[in-house]
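Engineer: can you look at this prediction? I've put the sequence above it.
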Amino acid sequence: MKKIYLAGSGGMLGEAFYDLFSKDYKVLASDIDVNEDWLHFLDFRNFEKYHQDVYNFKPDYLFHLGAITSLEECDLDEDKAYSTNTIGPENATIIANQLDIPIIYISTAGIFDGKKDLYDDWDIPNPLGHYARSKYNGELYVEQNAKKYLILRAGWMMGGGPKKDKKFINKIYKQIIQNKNTINIVNDKLGTPTYTIDFAKNTKLLLEKNIWGKYNLVCEGVSSRLEVAKEILKIMNISDKINLNEVDSSFFQKEYFSPRPPSERLINKKLNLRNLNIMRDWKICLNEYLNLRFLK
């Protein structure tokens, strides 16, 4: 049985990777937030401890999943952003090269500036803030230095359920169960939802096919924040009970002050060309996610 080391796997994506890969691989998972019994503590910003932990396990693959994903947190503490989102994957690349194993690095659609409506795998990023810049620098280091790598760009992530979902879906759901009659939704942000379950399955397919490189990896179909909110209400059969008040991003400027691209829409061009795209439509995934983790 081959072995996988999952670094920074205490979040929604780490849960999906652990649940899927632990069925067929021996998995060792770590994070600074030990919130599961299958996790142990590791701060991957500490190169020596990261190296020792991975070296002792001697995995066949090193998955580097962890990052600070709050744009505001990154802008308020630049050093923390770069030590986590840039130095972290640099550490992982060095370790993977020393062990002569592949690194799997998770990047983001947020590295683009949003001047285009849709981005394929070959579009050149232009990061706007410290989150995007730190993630892109991590991506560049992996691409330029790793002996063998998968760089996978995710979109608007959904997964993990109420416990781990810190993103849009859970934020809307919390307002719904608080019996709010009106929910304010931005109408000027475009993106592509990405279901953690599908993301993990498509990653596994690429590994098993021995395919390496850089890939967009998002659900099928394009959307906006408003469209996602409407679909949530539709799935919960409460479209006639809650008013979605359309606002532009300036409405939330005090809370979400970091620059965000108007469009983070990705297309899985390379996966499609290789006939290896098994990502489902985001509406199907959203329905499954809500019914499995929120509405059961």
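Structural biologist: Happy to help now that I have it.
Engineer: can you tell me the closest non-neighbouring residue to Tyr173?
Structural biologist: Phe294 (5.8 Å; C-beta to C-beta, 6 or more residues apart in numbering). Every C-beta, even on glycine, is put in place using the N, C-alpha and C of the backbone.
Engineer: verify the contact between that neighbour and Gly159 for me.
Structural biologist: No - contact between Phe294 and Gly159 fails when scored by C-beta atoms under 8 Å: they sit 11.5 Å apart.
Engineer: would you map the helices across the chain?
Structural biologist: 12-21, 47-57, 71-76, 78-82, 88-99, 130-145, 161-164, 168-177, 196-208, 225-235, 269-273, 282-293 (DSSP state H).
Engineer: take those helices and write them to TSV, including mean neighbour count.
Structural biologist: Converted to TSV, these look like this (neighbours: other C-beta atoms under 10 Å):
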stretch	mean neighbour count
helix 12-21	23
helix 47-57	16
helix 71-76	17
helix 78-82	16
helix 88-99	22
helix 130-145	21
helix 161-164	15
helix 168-177	17
helix 196-208	20
helix 225-235	19
helix 269-273	16
helix 282-293	18
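Engineer: and of the ones you listed, who's closest to Ile242?
Structural biologist: helix 225-235 (5.9 Å; C-beta to C-beta).
Engineer: okay, angle between the closest one and helix 168-177 too, please.
Structural biologist: Angle, helix 225-235 to helix 168-177, by axes from the mean of the first three to the mean of the last three C-alpha atoms, to 10 degrees: 50 degrees.
Engineer: for helix 225-235, name the packing helices and strands.
Structural biologist: helix 168-177, strand 182-186, strand 243-247, helix 282-293 (3 or more C-beta pairs under 8 Å, 6 or more residues apart in numbering; DSSP states H and E).
Engineer: residues contacting Lys166?
Structural biologist: Going by C-beta atoms under 8 Å, 6 or more residues apart in numbering, Lys166 touches Met12, Thr69.
Engineer: measure it to Gly160 for me?
Structural biologist: 8 Å (C-beta to C-beta, to the nearest Å).
Engineer: any residues in contact with both of those two?
Structural biologist: With C-beta under 8 Å, 6+ apart, Lys166 and Gly160 have common neighbours Met12.
Engineer: one step back: any chance of the helices of the chain in JSON lines, with distance to Asp31 and mean pLDDT too?
Structural biologist: Listed next are the helices of the chain as JSON lines, based on distance: least, C-beta to C-beta, whole Å; pLDDT from 0 to 100:
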{"stretch": "helix 12-21", "distance to Asp31": "7", "mean pLDDT": "98"}
{"stretch": "helix 47-57", "distance to Asp31": "12", "mean pLDDT": "98"}
{"stretch": "helix 71-76", "distance to Asp31": "17", "mean pLDDT": "97"}
{"stretch": "helix 78-82", "distance to Asp31": "16", "mean pLDDT": "98"}
{"stretch": "helix 88-99", "distance to Asp31": "12", "mean pLDDT": "98"}
{"stretch": "helix 130-145", "distance to Asp31": "17", "mean pLDDT": "98"}
{"stretch": "helix 161-164", "distance to Asp31": "11", "mean pLDDT": "94"}
{"stretch": "helix 168-177", "distance to Asp31": "19", "mean pLDDT": "96"}
{"stretch": "helix 196-208", "distance to Asp31": "15", "mean pLDDT": "98"}
{"stretch": "helix 225-235", "distance to Asp31": "27", "mean pLDDT": "97"}
{"stretch": "helix 269-273", "distance to Asp31": "28", "mean pLDDT": "98"}
{"stretch": "helix 282-293", "distance to Asp31": "20", "mean pLDDT": "98"}
